[in-house]
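K.L.:
Predicted model and sequence follow; I will ask about them next.
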Amino acid sequence: MTPNLVYIVVIGVLFAAGVSMVLERSLTRVLMGMILLGNGVNLLILLGGKAGTPPIVGLGPDEEMADPLPQIMILTAIVITLGMTAFLLALAYRSWAVSGHDEVQDDVEDRRIMQLAERDEGSGTDDTDHTDVPAPAEVAPLPDREAAR
C-alpha cells in the first residue's frame, strides 16, 4: 500500500495539534491532546498494513489477505486511549471539584529549585561553598536487645 498524501498530512496535523495541546496547563486541553495523539497513532499504524481481503481464512487466497497485526494494534491502541481518557477525565473532575478549575499550578518547591539554579548560574563560578549546609544530625545507636531484657 502506498501512503496517501492526505493521510500523511492528517497524521502530521493530529500529532502537531495533540502535542501542542498536551503542553498546556489546562487538564481539559491535555485530555483533548491525548485523544488527538491517539487518533494520530491509529492512522499511523493503519498506514503500516497492506490492503487486501479480510484476514479470515477461507474467504480468499492467502496471498491477497490483509495483514491482521496493524488491525489488532489499532484495537489495542483504542482501548489504551479510552483508559487514558477516563483517567484524565477523573483527574480533571477531581481538580475542578477541589479547586474550582482544572489548571495545573506550579509547585512551590519547583519554583524554589529554579530560583536556586538561576542564582548558581549567575555567580559564574563552578566552585560551590558548602559552609552554609548544615551537617547531618548524629544518630543515636539503637539499644542493645540483651540489655533491654
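P.N.:
Alright, I've got the coordinates.

K.L.:
okay, and the helix or strand of this protein with the least pLDDT?
P.N.:
Within the chain, no helix or strand scores below helix 145-148, which has a mean of 53 by mean pLDDT, DSSP states H and E.

K.L.:
Run through the residues that contact the closest residue to residue 10 other than its chain neighbours.
P.N.:
Of all residues not flanking residue 10 in the chain, residue 43 sits nearest, at 6.4 Å (Cβ to Cβ, 6 or more residues apart in numbering). Glycine gets a C-beta too; all of them are placed from N, C-alpha and C. Listed by Cβ atoms under 8 Å, 6 or more residues apart in numbering, the contact set of residue 43 reads 7, 10, 11, 14.

K.L.:
Point me to the helix or strand that includes residue 43.
P.N.:
Assigned by DSSP states H and E, residue 43 falls within helix 27-48.

K.L.:
Now do that helix: distance to the chain's middle.
P.N.:
12 Å (Cα atoms, centre = their mean, to the nearest Å).

K.L.:
And stretch 7-19, by the same measure?
P.N.:
For stretch 7-19, the distance to the chain centre is 17 Å (Cα atoms, centre = their mean).
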